[in-house]
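*Asks:* Next comes the sequence, and after it the predicted model I'd like to discuss.
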Amino acid sequence: MADLRRSSEDPRLPWLRLASLSWLGATIKTGLIKTLGSPEAVFSASPETLAQIAGWDHRRFDRFCKERHQAEPICPLEALDKKGIQLLTFNDPGYPPLLRQTHDGPIALFALGKLIPEDSRPHLAVVGARNASQQGYDIAREFSFELAKAGFVIVSGLALGIDTYAHRGAMEANGRTIGVLGGGVDIIYPAGNRRIRDQIRDSGLLLSEYPPGMPARPWHFPQRNRIISGICVGTLVVEASAQSGSLITAHLAVEQDREVFAIPGNLRSKLAQGTL
């Protein structure tokens, strides 16, 4: 009974309950926390107070008012504690400060690895095509190596291709790198990146807004890109086709009022269409 009582009083639970309401949308959840300060205040607020938050439509507002007290945590606390996963809530010192400035930063992030609260080093996203050229891989690796040596934290998505070489270059410089995932931080995806994923876990940080056990889904990746760009002062696109997901990250960076950089390429190369 004592263990159950301690669990019910765990301060992480209200955050996990609010995070579970995926249908509510990140913009509204962020607005609720920025305005009311805590999930406890959100769950206890009057309808009149809630209605002042921007972004509601009648359907979601009515549903939230009816269902908020029945919300279950997005994952059990035991799943976090057993796997050593830290919960970074919107109010935690370890929550990325630049991401907190965006209008739709996740109210909670799941973190695995070495957390450095209030890290003052500039963060830079390095992204690009999964099927890039060898020259593109080399450039991503070399830029990340030199930037990491200069004191930048290199952020990418741990995908195959440019992302992998960006992470690798940062670690070869004994720098810090952060992988932002499209599934739970305990999920090995893609399978071919198991080794570098484990290296980042041991020396850097893995981040996700998705709970442990959640597999990566195609629609997760455009969503996670706002976190990659939102953490950083700027985004560097190395190689990208005209339809590349890396351009989503670049556009999000512009919307977040961050710098965007691109490596120019051959006019006739499809892999240069996006960067050009």
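*Replies:* Perfect, thanks for sending it.
*Asks:* quick check, N225 in a helix?
*Replies:* Yes - secondary structure of N225 (DSSP: H, G, I helix; E, B strand; the rest coil): part of a helix.
*Asks:* Does it touch A253 like I think?
*Replies:* No - in this structure, N225 is not within contact of A253 by C-beta atoms under 8 Å, at 9.1 Å. Every C-beta, even on glycine, is put in place using the N, C-alpha and C of the backbone.
*Asks:* Other residues contacting stretch 211-228?
*Replies:* 19, 74-75, 79-80, 83, 85, 99, 102, 104-106, 109-110, 125, 127, 155-157, 180-187, 189, 207-210, 235, 245, 248-249, 252, 256 (C-beta atoms under 8 Å, 6 or more residues apart in numbering).
*Asks:* which helix in this protein runs the most residues?
*Replies:* For the chain, the longest helix by residue count, based on DSSP state H, is helix 134-149.
*Asks:* hmm, who's touching that helix?
*Replies:* Helix 134-149 is contacted from outside by 124, 126, 128-129, 132, 154, 161-162, 165-177, 236, 238-239, 263, 271, using C-beta under 8 Å, 6+ apart.
*Asks:* Equivalent analysis for stretch 172-180, please.
*Replies:* Here stretch 172-180 has contacts from 116, 119, 121, 123, 141, 144-149, 152-158, 163, 166-167, 170-171, 197, 200, 203-208, 224, 227-228, 231, using C-beta under 8 Å, 6+ apart.
*Asks:* Which positions in that stretch come out as buried?
*Replies:* Residues of stretch 172-180 classed as buried under the neighbour-count rule (16 or more other C-beta atoms under 10 Å) are 173, 175-180.
*Asks:* Restricted to helices, list the contacts of stretch 172-180.
*Replies:* In this view, these that belong to helices under DSSP H are 141, 144-149, 163, 166-167, 170-171, 197, 200, 203, 224, 227-228, 231.
*Asks:* Can you tell me the SS state at L112?
*Replies:* Classification of L112 using three-state DSSP returns strand.
*Asks:* what's the distance between it and A191?
*Replies:* Note on L112: its distance to A191, by C-beta to C-beta, to the nearest Å, is 17 Å.
*Asks:* cool, and L206?
*Replies:* Distance from L206 to A191, counting by C-beta to C-beta: 16 Å.
*Asks:* Looking at those two, which is more packed in?
*Replies:* L206 (22 against 7; other C-beta atoms under 10 Å).
*Asks:* quick one: contacts for that one?
*Replies:* So L206 contacts 111-113, 158, 178-179, 181, 185, 197, 200 (C-beta under 8 Å, 6+ apart).
*Asks:* can you pull out the helices in this structure?
*Replies:* Taking DSSP H as the test, the helices found in the chain are 2-8, 12-19, 26-36, 39-44, 47-50, 58-67, 77-83, 97-100, 134-149, 162-172, 194-203, 220-231, 245-255.
*Asks:* Next, the angle from the last one to helix 162-172.
*Replies:* Computed by axes from the mean of the first three to the mean of the last three C-alpha atoms, to 10 degrees, the angle separating helix 245-255 from helix 162-172 equals 70 degrees.
*Asks:* Can you pull the poorly scored residue ranges out of the chain?
*Replies:* Along the chain, the model assigns pLDDT under 70 to residues 1-8.
*Asks:* what's the closest non-adjacent residue to V42?
*Replies:* Distance criterion C-beta to C-beta, 6 or more residues apart in numbering; nearest residue to V42, sequence neighbours excluded, is L32 at 4.7 Å.
*Asks:* give me the number of residues near that neighbour?
*Replies:* Considering only other C-beta under 10 Å, L32 is surrounded by 25 other residues.
*Asks:* try Q223
*Replies:* As a burial measure, Q223 scores 16 neighbours (other C-beta under 10 Å).
*Asks:* cool, Y189 as well?
*Replies:* Y189 has 16 nearby residues by other C-beta under 10 Å.
*Asks:* Then K82?
*Replies:* The number of residues near K82, taken as other C-beta under 10 Å, comes to 11.
*Asks:* and if you look at the one 10 residues further on?
*Replies:* By the criterion of other C-beta under 10 Å, D92 has 16 neighbours.
*Asks:* sorry, back to before: just the contacts of stretch 211-228: which are in strands?
*Replies:* Taking DSSP state E as the definition of strands, those contribute 109-110, 125, 127, 155-156, 180, 207-208, 235.
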